[in-house]
Every structure is written in structure tokens, then in C-alpha cells.
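this is a predicted model, with the sequence first.
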Amino acid sequence: MAHNPGRLSWQEIATIQAGVITVRDAVAAGVPRTEIRQHVADGRWRQPYRGVLITELSTVGDMQPLWAAMEAVGRDGVLAGAAAASLAGLAGYTDEPVTILVPTARRITAPPGIVVRHSARLEQADLDGWRLPRRTRPSRSVIDMVEWAPSQAAAVSILGAAVSQEVVTLRGLRDALARRGPITRRTLIAETLDALEVDAPRLAEAMFRRLEQQPAT
């Protein structure tokens, strides 16, 4: 993910990416392939996917597997769905598979444990600014989660959770839905958003009650 790997040391690249670096970027930064193989053989580095290295094994945070998945898919991938929404603060969905969006024309075999989906419509407004790793905005992430949910009940639950947790706004969800293009659950999403808007006072009160019950810090 480093924009100019040749101008950064491998340590700087890995630091930016939670200890993750590709073999290509490591070599471009001056690490011999023989040294890479030795680090992996000695257990100092790990290779979770082909061409991807984890150089920091002492601290394994939540970002490390996301960076590894992104680097395994490639530079045109965008973190999406539950993984992107969880980074925005959505609770309760961290166990979902890591999903990465790639352009429609891209042909790739998904690495083990990673879900790769294609998107013909991914505007700049759908991307979460300059945050790394590259990801969709919370509203787009939630709309995608709803579309990919295993059932209508799960889809409605996702929308309710995202709104009640204040990860997204109804306006943001409607804007993201308008940009999303043809999807099978468009009507369900629109009707659920209408219902949530009508029920907004009750949701606000429920949020207030939850805050009241939290211990003082």
C-alpha cells in the first residue's frame, strides 16, 4: 500500500501498515529475497498469504489481518462491508469475513478466508477520505452489508444497529443507496429507512437510556 515504496525503508512501510508489507515492496526497499526467506524460516516473520509478510509478531492488533488481506488482494482493492463498518465503530459484526471490493474488470482468485466482491459503482463519495487501509465510507459499508446479509431479517437488523449506534445517519444511508446502483434489496432498505425515521424519537430515547446506564468514568 505504500505509494512510493522505493523511497521508504521497509520498516517505515511496515509501520504504516501495522507490520505488514508485500514481498515486492520489501525487495524494492532493499531487502534481499534470501533475507526474507530466512526471516520466514526462522519464524521472525510470517507469510499469511502469497507475497505478503507480517514483520511484527509481538503485537497482533485488529488492523494487522485487515492490512494483510488488503495487500493479498492488491492495490485496487477497497475494504468494505462489515470490516469497514466495524472500523467506523459498528459493534457486533467483527466476526464477519473480511470483504474487499475490486473493480468489475479485475479477475482474481480470492485468497483463503477473504471474500472478494466486484463493484461497477464506487464513486469518490463512497470512499472514506484518506484513511488507511482504503475503505468505503460507513454509509456505503452498511448498505453493502444489508445487500449481502443472509436474510431480510438480518438486513433490517443491520440497518437498525447502524442507526441506533450512531455510526451512520439516515441521510447518509439514503445518499449511499442512491449511488449504489441496482441492488436486490433497494425497496427493503428504503422502506426500513422510512420506518426508522418515523421511529427516530424512540431510538433517541433508547440511546439516552443506554448512556444513562453506563458507569461514570
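Sure, I can see it.

and whichever strand or helix holds A26, what does it pack against?
Following DSSP states H and E, one finds A26 within helix 23-28. Applying 3 or more Cβ pairs under 8 Å, 6 or more residues apart in numbering; DSSP states H and E, one finds that helix 23-28 makes contact with helix 10-16, helix 33-42, strand 52-54. C-beta here means a position set from N, CA and C on the backbone, and glycine is covered the same way.

please identify the buried residues of the longest one?
To tie it back to what came earlier, the one meant is helix 33-42. 36, 39 (16 or more other Cβ atoms under 10 Å).

centre of the chain to it, how far?
Relative to its parent chain, helix 33-42 has a centroid offset of 30 Å by Cα atoms, centre = their mean, to the nearest Å.

same deal with stretch 92-102?
6 Å.

distance between the ends of it?
One end of stretch 92-102 sits 25 Å from the other (Cα to Cα, to the nearest Å).

what does stretch 159-168 give?
9 Å.

over to stretch 159-173?
Using Cα to Cα, one end of stretch 159-173 lies 9 Å from the other.

do stretch 115-129 as well
23 Å.

do you know how far R107 is from D42?
According to Cβ to Cβ, to the nearest Å, R107 and D42 sit 36 Å apart.

give the contact list for the nearest residue to A125 once chain neighbours are set aside.
Of all residues not flanking A125 in the chain, R179 sits nearest, at 6.5 Å (Cβ to Cβ, 6 or more residues apart in numbering). For R179, the contact set (Cβ atoms under 8 Å, 6 or more residues apart in numbering) comprises 121, 123, 125-126, 140.

and the pLDDT at R179?
Per-residue pLDDT puts R179 at 93.

show me the domain layout of the protein.
The chain breaks down by automatic domain parsing into domains covering 1-74, 76-206.

quickly find the element holding M145.
helix 138-148.

which other residues reach stretch 111-123?
49-50, 69, 72-73, 77-78, 80-81, 97-104, 106, 108, 110, 136, 148, 179-181.

and with 6 Å instead?
Applying Cβ atoms under 6 Å, 6 or more residues apart in numbering, the contact partners of stretch 111-123 are 49, 69, 72, 97-101, 104, 108, 110, 179, 181.
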